[in-house]
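[1] 3D, please:
(4 chains)
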4 protein chains.
Amino acid sequence: MMTDLTDTDPAHVGDRSAWAGAYRRVRAASEALCTPLCVEDYGLQTADFASPPKWHLAHVSWFFETFLLEPFLPGYRVFDPAYRTLFNSYYEQVGQFHPRPDRGHLSRPTVAEVYRYRAHVDGAMAALVDQIGEDLWPTVQSRLAIGLNHEQQHQELLLTDVKQHFSVNPLRPAYRADLAAPRSVDALPLAWQAFEGGLLACGDDGEGFSYDNERPRHKVFLRPYALANRPVTNAEYLAFVDAGGYRNPALWLSDGWATAQAGRWSAPRYWERIDGDWHEFTLGGLRPLDLAAPVSHVSYFEADAYATWAGARLPTEAEWEVAAAQAPVLGNFVDHGLLHPQAATGDGLVQLFGDVWEHTASAYLAYPGYRPPAGALGEYNGKFMSGQMVLRGGSCATPVGHVRATYRNFFYPQERWQFQGIRLAQDPT
Amino acid sequence: MMTDLTDTDPAHVGDRSAWAGAYRRVRAASEALCTPLCVEDYGLQTADFASPPKWHLAHVSWFFETFLLEPFLPGYRVFDPAYRTLFNSYYEQVGQFHPRPDRGHLSRPTVAEVYRYRAHVDGAMAALVDQIGEDLWPTVQSRLAIGLNHEQQHQELLLTDVKQHFSVNPLRPAYRADLAAPRSVDALPLAWQAFEGGLLACGDDGEGFSYDNERPRHKVFLRPYALANRPVTNAEYLAFVDAGGYRNPALWLSDGWATAQAGRWSAPRYWERIDGDWHEFTLGGLRPLDLAAPVSHVSYFEADAYATWAGARLPTEAEWEVAAAQAPVLGNFVDHGLLHPQAATGDGLVQLFGDVWEHTASAYLAYPGYRPPAGALGEYNGKFMSGQMVLRGGSCATPVGHVRATYRNFFYPQERWQFQGIRLAQDPT
Amino acid sequence: MMTDLTDTDPAHVGDRSAWAGAYRRVRAASEALCTPLCVEDYGLQTADFASPPKWHLAHVSWFFETFLLEPFLPGYRVFDPAYRTLFNSYYEQVGQFHPRPDRGHLSRPTVAEVYRYRAHVDGAMAALVDQIGEDLWPTVQSRLAIGLNHEQQHQELLLTDVKQHFSVNPLRPAYRADLAAPRSVDALPLAWQAFEGGLLACGDDGEGFSYDNERPRHKVFLRPYALANRPVTNAEYLAFVDAGGYRNPALWLSDGWATAQAGRWSAPRYWERIDGDWHEFTLGGLRPLDLAAPVSHVSYFEADAYATWAGARLPTEAEWEVAAAQAPVLGNFVDHGLLHPQAATGDGLVQLFGDVWEHTASAYLAYPGYRPPAGALGEYNGKFMSGQMVLRGGSCATPVGHVRATYRNFFYPQERWQFQGIRLAQDPT
Amino acid sequence: MMTDLTDTDPAHVGDRSAWAGAYRRVRAASEALCTPLCVEDYGLQTADFASPPKWHLAHVSWFFETFLLEPFLPGYRVFDPAYRTLFNSYYEQVGQFHPRPDRGHLSRPTVAEVYRYRAHVDGAMAALVDQIGEDLWPTVQSRLAIGLNHEQQHQELLLTDVKQHFSVNPLRPAYRADLAAPRSVDALPLAWQAFEGGLLACGDDGEGFSYDNERPRHKVFLRPYALANRPVTNAEYLAFVDAGGYRNPALWLSDGWATAQAGRWSAPRYWERIDGDWHEFTLGGLRPLDLAAPVSHVSYFEADAYATWAGARLPTEAEWEVAAAQAPVLGNFVDHGLLHPQAATGDGLVQLFGDVWEHTASAYLAYPGYRPPAGALGEYNGKFMSGQMVLRGGSCATPVGHVRATYRNFFYPQERWQFQGIRLAQDPT
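    Next up is the predicted model:
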């Protein structure tokens, strides 16, 4: 239903009209994701870490306004000066920002006003791309690429945030009541694929778009290792649950055990036991647990505990990247409209991309030689290099064309409202 | 603009058609108050103590459904069984209730659905009043009176909650941008009216409607005292602020000082200093402070500190009631559409009713001989007789006909999102 | 074992040598209470509301230093200027004070230094009483009376705080391992004593010592009422527990239920069920529950819930005072060395004084005409007149001679680390 | 003053009598550190993260009792079964443990009892080392080595915890009032030492003692880099403070800025500005800031912000280890009795060991191939591999002989009550 966004990749588009088209497609995709929403849904905030859909729609527009229109479009008038603060997420160098936990406290601007804001920005962006001089075009193009990728990231967050918001409503509303049910297939048997290791290169140094945190490309020494052919399934994870995995501190990291106890965790985030049967809350509403599908919405802490219980470990981000570097970036992305991880099929390493983000054993830190960009855009990635862990590969909520083998996503080890799954690794015996 | 609701007082209506009419008027008044709202406003909750408008509209309907339709209307089908929990406020004997701080987490049911819920209840209520047998009519009538007064209380809360919700939005939206500006008048000079005291009676024992907490009528011994002719004005309160009232712990109760320090209080709840000039946030938006009008949105702690600073004290509820018992229940109520306290005019004790609730020095406790009603309706008032203080007289957000001299409102001493003002008392010199 | 302190009552002593003797006896009594303590015990603080013994010993000395020695003894040098802040409890007008929750963070001054501080103050106080001129003697005498009563209050707190501190140690140490076991007696049957009510006087206006909050004497109108002949016993309270009293919200005030749920209350503060048998932690260590003795360490919330369950109510403070006004101030006080409530015996109203403080239904508020004293001493009682409830009669931890019929103690409704019990009241049928 | 502990290194001692001697020396060193304490100091806990000295003394004894005496000494009777819980720190597989924030709530066992506990354990340990059969000796020896190193770690914590505890006392007591003042020397000029990088080895695989987290030895690829010849001085850090470093969010990690704002940080943990002059609280009391000495008590967040401001970065742990691997393990350790970082002198890389722990840019994670030991001892290090950062090199509070080039210490990025300093790194230009 949604257009394939692969060709929005800035690396594939060289001229302004292509960029203008990419801009229109990405912006339209955000709005298409909101089609199933009621006006009431746009303002919801049910957790500090999750934002209202309306805020996402406005913030990504603020990004274009702040980093492109204000500095580069002569005579541009901001839609509303108050939005400078209201829709700034965390850019200290831009100015103040509305407190994150209070994003749901804003019934105004209304949904209609936010759409008018988007249209205002869209008109000006079209003019900018059309009119900007050749001397400034490379800078504008570079920032435009960031802005579009930024909006794609918020598309994914918009979906996972809506899932969070709906999940705490006792009515358990479905984002898409018409969502296709999962295919009934047998789970793919677990197998291990071996890698030799050695002195290898990670990170991006190409011509195409990548975030600063994927750079520079650098050498890493890896020992031989093996990766599971597919992510851990719900059936496998259920065995961990049934074996008392959530009651055995010996399996857990110390902070993980404290988190699990404090939050009274006994299963992944969206599992619910109803009259003895496990269900999971999905973007299609509450459904019986699909045992063959990848487990999702597990935190790093749970992924690590599961791996310990299974006698395996999580891969490092370098191990994952080396394995993924040669694979095509294909998989179950948001554009396919399934909006839920699907049971794996196929040969070799499958589901590296799409379906679920894969936890790694690597802390989100700077690569050797990394320097954040100058100015406020330097706050995009660099200042979060503390306390978070790297995830790889994208999910069923990620736009097609957004991720690549070098792409580094990052979340705190206790967070689990994203589509986060587990691919096991092990050392050769 | 709104219909006068005085004749909804159940004491004035004896037959079923009159009750049916009162029901329709009260219900219509709730919806009329929502006319200025956007769909987005209905779901807002910006503080644990304040509910979304949508929740108020649904909860008062739940009240009729729970205490009248389910027990008395044969064959009644609840609109949605999930609402039993969603819109129960705090009646433990009815069952579970959705956590109060999470009332703003419910985008569904939508606003339209809540209006359908109201219509469903309204139809059934009309049938109930029409069809109930004579034997059960007195019980139904009694509960209907409570239900209508209950809905009126929520009308006031709906307004004060909307004020709270809008006040934290940096855009400072106006609930009614067309609200009349205050008349420009001089403040009425402060004067004292003396009362003899003696062995007097307080509380209600009449035929008309009153809440259980106003009963039974009982004797109280009062020493001679005097009351101020009108509430403290903004100008007077500003003198307290300017004299360092918020920085001098000697004026404050210990808990009050702790509250003021923790909350960084330096003025009443809705005052804002902009470029050196005091403004106040009103239901008509941000306006210059009206110096002649009664100060409002001050907590008991502030009222007590102000009285100490002014060399006076707050009246007890008995002192207030004795003074108010002979006065007509006239004043600036919500039906007048001003939605803000107005400068006092007139002779004698003025503004006892309407404009601002008046803090008393009395804790909200049971009258001698008080017994809460049996069953869940006994939770309406009795279980809150701890830690709260009594306020008297109604405000500019109170429906006409809702209050009387014996009416006891109650809030925690730190709360100040209601239209709460100060009438001073003193002992004879 | 301890000297009877009755004759320390300032009302009974008219000359300076008698005051000097009273001073010495009260000061010695504080130190005698510390005899069973180890050095390690003196610094313990296990809850924000409870202070270390060392802090009590120093604070009462600071009180004499601040309100008597510094203003009235020429040439007095404070023991250590830092103590001005360290041992100020809450007197804002005196200056800053060390945060209450951090009183246990002070290993220095050591115990020996605090005793030296006491000796320093004692020497200077002896000189002051001896040397002060006749013109200032009345003021000094008045403050001295407050200071001695103040120290007696802290003697009681020292004991109840030690009980709190020891109770959270898994070793359950005994303050006095040699404490006498309770007599084995049958509980006195419950009986009701009727009172006529009428227009009566409460409060103190006598020559002897009383606190400002007991004044002025004033008229109160009371309806006929009856009081239980003795406090509720542990056996009676156990029946409430066994009947599910802690699981039935219909019996509780709203704030009380919230407190009980949050604190997971299922019995009085110091009850422990061990292998199915109820025990209570006492100043003599852990002991089997004495069923005939008065229940103690119950909060106002529990007392109110119990009374509701029992079909009775709590008395108002006026009802209690009228009943107690003619009774001799005799009972189980700290000087008797039992340090625990004892089973009631005797005829008529028994145990009005001593054994357990008796909860009343009255909020702690100013009497009509009350004015706090000028200056910092005005902070002693007046600023706490908010949010607390009145208790009457003293306990087994109160010094002989300290309480009287008009004496008003006050605590927050959720507090229960004092020896607080329940005497029921009821209206005539 | 204290004996050099270098020869307690298990790698250097092969026979039982040598081990018995090492045991006696380490145990005596713990007690010697307590010589300056008053009884009152032993029970202090002023922060959740810092334990009372008494608890340290008992816990290290519990460690020997639990992991050596109970399993290996036939007929051993524990000193007190309650200690199993009281002095277990966090070993879930051993059983329950007393809550960490409540360690200061235990006045009993008394200090004297804890010393008796130590003597009891010491006697049994002497017997164990003497009597254990040859078959079990290797296991006992291995655990004994862990137990002695464990006690040394707690010696350092005991000192840094006492510093924390004393620092919040307004009297600012000195742990050692007789502590030598710093030498007055000029700061060593900053210089850079270059390293070539390449494919290098890190971690320990030797015969001597090392913790599991230092293993296995593994290859790491490093780019060329340079290290500062000495840690950042107080003078240099003061320039950062004076330049507004604590007010400029652009210099900080996002979590660091949030932490600094919430904690109102404006300087290192123990700096105090008194009448315009900077002082620092030391184990010798409050002293003027020694500008030539290394800055200490800075968190990872501060170290990272400083490095950013200085145009440099923190070294990775591998970069640090490669540089330190050839250096002798000499420096200002606790045995030298200075108990405070000293101004650097000398040529080349100085102060790698002792003085201050050096922050690294590396998260504390498992080395490739790492497996935690089986059983409860596996909880020693492995379960903390989440959320913490690695520090290297030991400090002025570390026992001589305790650290080595491969030693990995770890703390949360916001913690700063250890002697933590900063050595800068940079990439070649």
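[2] strands of the stretch 301-429 of chain A, residue ranges please.
    Per DSSP state E, counting those that start in this stretch, the stretch 301-429 of chain A carries strands over the ranges A:331-332, A:353-354, A:357-363, A:389-392, A:409-411, A:420-421, A:425-426.
[3] other SSEs contacting the first one?
    Strand A:331-332 sits against strand A:353-354, with contacts defined as 3 or more C-beta pairs under 8 Å, 6 or more residues apart in numbering or on different chains; DSSP states H and E. C-beta here means a position set from N, CA and C on the backbone, and glycine is covered the same way.
[4] tell me the mean pLDDT for the strand it packs on?
    Averaged across strand A:353-354, pLDDT comes to 98.
[5] tell me the domain ranges of chain A?
    Domain ranges of chain A: A:6-167, A:192-426, per automatic domain parsing.
[6] off-centre distance for the first one?
    This means domain A:6-167. In terms of C-alpha atoms, centre = their mean, to the nearest Å, the centre of domain A:6-167 is found 16 Å from the chain centre.
[7] for that domain, give the mean pLDDT please.
    On average, the pLDDT along domain A:6-167 is 95.
[8] for the residue of the stretch 151-300 of chain A found nearest chain D, which non-adjacent residue is closest in space?
    Among all residues of the stretch 151-300 of chain A, A:Pro249 sits closest to chain D, at 3.8 Å; criterion: C-beta to the nearest C-beta. Distances taken as C-beta to C-beta, 6 or more residues apart in numbering or on different chains put D:Glu92 closest to A:Pro249, at 3.8 Å, once the chain neighbours are dropped.
[9] now do A:Tyr300
    Spatial nearest neighbour of A:Tyr300, excluding adjacent residues (C-beta to C-beta, 6+ apart): A:Pro413 at 3.8 Å.
[10] if we can go back for a sec, my read: the residue of the stretch 151-300 of chain A closest to chain D touches A:Trp257, true?
    Yes: contact criterion C-beta atoms under 8 Å: A:Pro249 and A:Trp257 qualify, at 4.8 Å.
[11] list residues touching both of those two?
    Common neighbours of A:Pro249 and A:Trp257, using C-beta atoms under 8 Å, 6 or more residues apart in numbering or on different chains, are D:Glu92.
[12] and the most far-flung residue of chain A relative to its centre, how far from chain C?
    What lies farthest from the middle of chain A is A:Gly75; by C-alpha atoms, centre = their mean that is 35.5 Å. Distance of A:Gly75 to chain C, computed by C-beta to the nearest C-beta, to the nearest Å: 57 Å.
[13] and that residue, how close does it get to A:Ala124?
    Distance, A:Gly75 to A:Ala124, by C-beta to C-beta, to the nearest Å: 10 Å.
[14] quick one: pLDDT of whatever residue of chain A ends up closest to chain C?
    Chain C sits closest to A:Arg264 of chain A, with a gap of 14.6 Å, by C-beta to the nearest C-beta. Looking at A:Arg264, its pLDDT stands at 98.
[15] please give the element, helix or strand, for it.
    Element membership of A:Arg264, judged by DSSP states H and E, is empty: it is in no helix or strand.
[16] how many neighbours does it have?
    A count of neighbours around A:Arg264, defined by other C-beta atoms under 10 Å in any protein chain shown, yields 7.
[17] do the same with A:Gly208
    By the measure other C-beta under 10 Å, the count of residues near A:Gly208 is 11.
[18] element containing it?
    Under the criterion DSSP H and E, no helix or strand holds A:Gly208.
[19] how about A:Ala112?
    Using DSSP H and E, A:Ala112 falls within helix A:111-131.
[20] can you check A:Phe221 too?
    strand A:218-222.
[21] follow-up on the earlier one: how about CSV for the domains of chain A, with distance to D:Arg116 added?
    Output for the domains of chain A, formatted as CSV (distance: least, C-beta to C-beta, whole Å):
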stretch, distance to D:Arg116
domain A:6-167, 50
domain A:192-426, 32
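[22] and the ones you listed: which comes nearest B:Glu272?
    Smallest distance to B:Glu272 across those (C-beta to C-beta): 15.4 Å, for domain A:6-167.
[23] these two touch, right, A:Asn169 and B:Leu106?
    Yes: contact criterion C-beta under 8 Å: A:Asn169 and B:Leu106 qualify, at 5.5 Å.
[24] when those two are compared, which one has more neighbours?
    B:Leu106 (26 against 19).
[25] and the more buried one, backbone torsions?
    phi -110, psi 90 (degrees, to the nearest 10).
[26] contact partners for it?
    For B:Leu106, the contact set (C-beta under 8 Å, 6+ apart) comprises A:Asn169, A:Leu171, B:Gly43, B:Pro52, B:Lys54, B:Trp55, B:Leu86, B:His98.
[27] need the pLDDT of the closest residue to A:Tyr364 other than its chain neighbours.
    Distance criterion C-beta to C-beta, 6+ apart; nearest residue to A:Tyr364, sequence neighbours excluded, is A:Phe410 at 3.8 Å. Reported pLDDT at A:Phe410 in the predicted model: 98.
[28] before we move on, what about the one 4 residues further on?
    Per-residue confidence (pLDDT) for A:Gln414: 98.
[29] next, count neighbours for the residue in the stretch 151-300 of chain A positioned nearest to chain B.
    Closest residue of the stretch 151-300 of chain A to chain B, C-beta to the nearest C-beta: A:Pro173 (4.8 Å). Residues lying near A:Pro173 (other C-beta under 10 Å) number 21.
[30] next: A:His336.
    16.
[31] which residues does it contact?
    A:Cys396, A:Val400.
[32] mind checking how far it is from A:Cys396?
    For A:His336 relative to A:Cys396 (C-beta to C-beta), the value is 8 Å.
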